[in-house]
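Visitor: Have a look at this fold, sequence not included:
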């Protein structure tokens, strides 16, 4: 319980006057059909630019008088429709129901005889990382996606490898991390990530290396066109929590921000085509131009079979 | 449904072990040799030096800052690195004697230089605040890295007025990922400004800017030379400043992990545990070398909120910034 409240302090610091004096509003996020807890929901308060991910129990707490607050809360989870409501509408309820919208599994319609590695890079040549606030910009994103081009339509994603920033935690092993992989088709209008290609939750919680790989054949992630996206989804939970310290130019002091691991490597390649997209707190995909022109790709490799 | 990385059965385990051993052998089979080639006399970087790994016949050329990197396809302990350039004696270095980051000094070939010497004239060159590659090596005098949010400048004094500034040398520090506690990311990229200032006669801090150059570094060269011989820059007085101005942008970003000793309770999938909170510190290249010296240290100023302030470094610490003047 203490952890959930602590969490919520992070997202409601703008309204906090004194923790002991505030009413604690507890909410339960549930599936509208089964009435069971919806796990790992991202809860974002838009104007305040605060966001957390709930645990398996779908519980979160907001302290304060919600009826007087002016902001919008967005609830988003894989396989569920997104819900966006005014924060003051939570004043007289304790349950939020999300409607399931599950993605159908891909159907294997061909024999796979060969495979190709896409976006290969030398992990020893990674010099930049995305995933934390810096002096020049805040990292207010849920996901970063890398665009790939398969050799043929109907290919299947066989495996993915992700290179991340991982310091040796004071001799205790590499820093712990947990994040998810999401897969998308291309949106024909924006050319960014569009429809999800799998409803399966694929989580990587490997703290043992700077590069993590996962085998994906059993999920049958079929690529309808040739282009597709592999995205990293951040879990803004206590497991990944750390701080980042940078210089605030306006205030002329060093400031500390909350930060969630991982930081993903930027592939050591330059080109004219930007292949990185970011999902912002408004749940809008936009090209991720922070490292342009010298960084156009994330350090994510994908092997596709066809 | 939540899925972790698959658990291996025995057959898969055997294959995995075999692959791991093969990969380890392959890693040992590849050796990377990198470093900087400099003039033995002037310790200025030499670009376009041909570097050849003799047995595998792999070759490369040094960059503008004399940096090279060559990765051997196959292991051969008896292989030799050969460095050659017009005007210098060819140097052969057995790979057994090579370390991680080399400083290779080439000796000028006097027989080739004689004609140049005759035509050189009677001007003298003097290096102000001279430092050597030993001062840049972590096994040597390199004690710390120096970096500010805005700019710094060091005061120099030429032997006479109206000297010509020929070059500036900067010692850059690479943070060693494995040795440093806490850890930091390496970054070979750096983009920054170098300024030459006149001295403000009233305040004694950097005054009018006489010259500005933008430097873009794309490799791990430690000793950076900025050639100003074609600028024909004359320093009016005897005293002048050379300064570095940082550009705090994504290109120059590095990340360092700080020790916090703060324990916090964390949860994952219902499991509760304590973890030490990690903190990342974002800073920007370049990191300059501060090295130990017995010589009197120069006056260094740094800029904060657009105001120049004296920087009180330890008296035995000098910044790796030199100027070659001709008079």
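Guide: Thanks, I have the structure now. Quick caveat: nothing in here was measured; it's all calculated off a predicted structure.
Visitor: Per the annotation, how does chain B divide into domains?
Guide: B:33-112, B:123-326 (automatic domain parsing).
Visitor: same deal with chain A?
Guide: Domains of chain A are assigned by automatic domain parsing as A:2-98, A:115-305.
Visitor: Out of these, indicate the one that is most buried.
Guide: Here the criterion is mean neighbour count by mean count of other C-beta atoms under 10 Å in any protein chain shown, and of these the winner is domain A:115-305, at a mean of 19. C-beta here means a position set from N, CA and C on the backbone, and glycine is covered the same way.
Visitor: so where's the chain uncertain?
Guide: Reading this off chain A. A:1-21, A:104-109, A:169-173, A:206-208 (pLDDT under 70).
Visitor: The intended chain is chain B.
Guide: Looking at chain B by pLDDT under 70, you get B:1-30, B:75, B:97-101, B:112-122, B:138-142, B:175-183, B:259, B:267-270.
Visitor: can you give me the strands for the stretch 201-306 of chain A?
Guide: For the stretch 201-306 of chain A, the strands defined by DSSP state E, counting those that start in this stretch cover A:201-204, A:211-215, A:227-234, A:241-248, A:253-260, A:263-265, A:276-280, A:285-287, A:300-305.
Visitor: okay if I get the domains of chain A as CSV plus distance to chain B?
Guide: Shown next, in CSV, are the domains of chain A (distance: least, C-beta to the nearest C-beta, whole Å):
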stretch, distance to chain B
domain A:2-98, 6
domain A:115-305, 4
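Visitor: any chance of these in a markdown table, plus distance to residue B:129?
Guide: Listed next are the domains of chain A as a markdown table, based on distance: least, C-beta to C-beta, whole Å:
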| stretch | distance to residue B:129 |
| --- | --- |
| domain A:2-98 | 47 |
| domain A:115-305 | 28 |
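Visitor: What residues sit buried inside stretch B:242-250?
Guide: In terms of neighbour count (16 or more other C-beta atoms under 10 Å in any protein chain shown), stretch B:242-250 has its buried residues at B:242-246, B:248, B:250.
Visitor: circling back to that earlier point, make JSON lines from the strands of the stretch 201-306 of chain A and add distance to residue A:83 to it.
Guide: Formatted as JSON lines, the strands of the stretch 201-306 of chain A follow (distance: least, C-beta to C-beta, whole Å):
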{"stretch": "strand A:201-204", "distance to residue A:83": "19"}
{"stretch": "strand A:211-215", "distance to residue A:83": "30"}
{"stretch": "strand A:227-234", "distance to residue A:83": "18"}
{"stretch": "strand A:241-248", "distance to residue A:83": "25"}
{"stretch": "strand A:253-260", "distance to residue A:83": "22"}
{"stretch": "strand A:263-265", "distance to residue A:83": "28"}
{"stretch": "strand A:276-280", "distance to residue A:83": "16"}
{"stretch": "strand A:285-287", "distance to residue A:83": "19"}
{"stretch": "strand A:300-305", "distance to residue A:83": "29"}
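Visitor: Tabulate the domains of chain B in CSV, adding columns for distance to chain A.
Guide: Putting these into CSV (distance: least, C-beta to the nearest C-beta, whole Å) gives the following:
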stretch, distance to chain A
domain B:33-112, 10
domain B:123-326, 4
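Visitor: Which residue ranges of chain A form helices?
Guide: Ranges of helices in chain A, per DSSP state H, are A:2-11.
Visitor: can you give me the helices for chain B?
Guide: Going by DSSP H, chain B shows helices at B:10-29, B:110-118, B:133-136.
Visitor: correct me, but residue B:232 touches residue B:164?
Guide: Yes - under the criterion of C-beta atoms under 8 Å, residue B:232 makes contact with residue B:164 at 6.8 Å.
Visitor: between these two, who's got more neighbours?
Guide: The neighbour comparison of residue B:232 against residue B:164 (other C-beta atoms under 10 Å in any protein chain shown) goes to residue B:164, with 18 against 8.
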